[in-house]
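1. no sequence on this one, just coordinates:
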């Protein structure tokens, strides 16, 4: 956290914060508070619902530091458990394993690989990178706009990126087996959806 960060939560100045997984976990201090309530620990779900900080606890420094690190460890465990569910190698997909994204051609309806460095370190994984381009003016040939709308192949989440954040088009032969299955399953769902829309 930088010295410029002057955020407060319930009057406590944030002295440590960490964004990991789906949470921002904070440790705050209120110097005027009595010693057994001088420090605060809380977390905020990064789900854009703006519910504010939850599970707020106060106590002395070591007690709140212990809680702060415990919550970080819990989020690490959640990330590890999600990684195990994938059932195969999930390293980031390098550029040399992709087909070139030729900006003179449309990528609408194509499977692409988003650059790993676009994601926070804990999400720099193949299951985050592989996406289906569902829309956005940046998906067109010779795009004047940048935005593309994608659906994550692994879990179906919709997101928006810029065309410049596309590393390349999916080259199936370089994908791990679980990813090849996820792409085939996604293709099947999309063809069913398009058929039903006709």
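-> Arrived safely. Source: prediction; values computed, not measured. Residues are numbered from 1 along each chain as shown.
2. Please count neighbours and contacts with C-alpha atoms only from this point.
-> OK.
3. per-residue confidence at the residue minimising distance to the centre of the chain?
-> With the centre of the chain defined as its mean C-alpha position, the nearest residue by Cα atoms, centre = their mean is residue 123, 5.6 Å away. Looking at residue 123, its pLDDT is 95.
4. List the contacts of it.
-> Neighbouring residues of residue 123 by Cα atoms under 8 Å, 6 or more residues apart in numbering: residue 21.
5. Domain-wise, how is this protein divided?
-> Domain assignment of the chain by automatic domain parsing yields the ranges 8-86, 95-197.
6. mind checking how far the residue nearest to the centre of the chain is from residue 131?
-> From residue 123 across to residue 131, the span is 14 Å (Cα to Cα, to the nearest Å).
7. Note down every partner strand of the strand with the most length in the chain and its orientation.
-> Assignment by DSSP state E gives strand 12-20 as the longest strand of the chain. Neighbouring strands of strand 12-20 in its sheet, by DSSP bridges, are strand 8-9 (antiparallel), strand 23-29 (antiparallel).
8. what's the burial count for residue 188?
-> By the criterion of other Cα atoms under 10 Å, residue 188 has 12 neighbours.
9. Quickly find the element holding it.
-> Counting by DSSP states H and E, the element that carries residue 188 is helix 177-197.
10. pLDDT of that helix, averaged?
-> What helix 177-197 shows for mean pLDDT is 84.
11. Same question for stretch 42-51: list its buried residues.
-> 42, 43, 44, 45 (16 or more other Cα atoms under 10 Å).
12. by how many degrees do the longest helix belonging to the chain and helix 177-197 diverge?
-> Ranked by number of residues, the top helix in the chain under DSSP state H is helix 61-86. If you take axes from the mean of the first three to the mean of the last three Cα atoms, to 10 degrees, helix 61-86 sits at 70 degrees to helix 177-197.
13. Tell me how far the helix or strand following helix 61-86 lies from the chain's centre.
-> Later in the chain than helix 61-86, the nearest helix or strand by DSSP H and E is strand 98-99. Counting by Cα atoms, centre = their mean, to the nearest Å, strand 98-99 is centred 22 Å from the centre of its parent chain.
14. tell me the average confidence for the first helix or strand past strand 98-99 going along the chain?
-> Toward the C-terminus, strand 98-99 is succeeded by strand 111-114 as the next helix or strand (DSSP H and E). Computed over strand 111-114, the mean pLDDT rounds to 97.
15. residue ranges with poor pLDDT in the chain?
-> 1-5, 48-50, 196-198 (pLDDT under 70).
16. rerun that using 80 as the cut-off
-> Where the chain drops to pLDDT under 80, the residues are 1-5, 47-51, 193-198.
17. ok, residue 142 - contacts?
-> Taking Cα under 8 Å, 6+ apart, we find residue 142 in contact with 103, 104, 105, 106.
18. Now it: which helix or strand?
-> Under DSSP H and E, no helix or strand contains residue 142.
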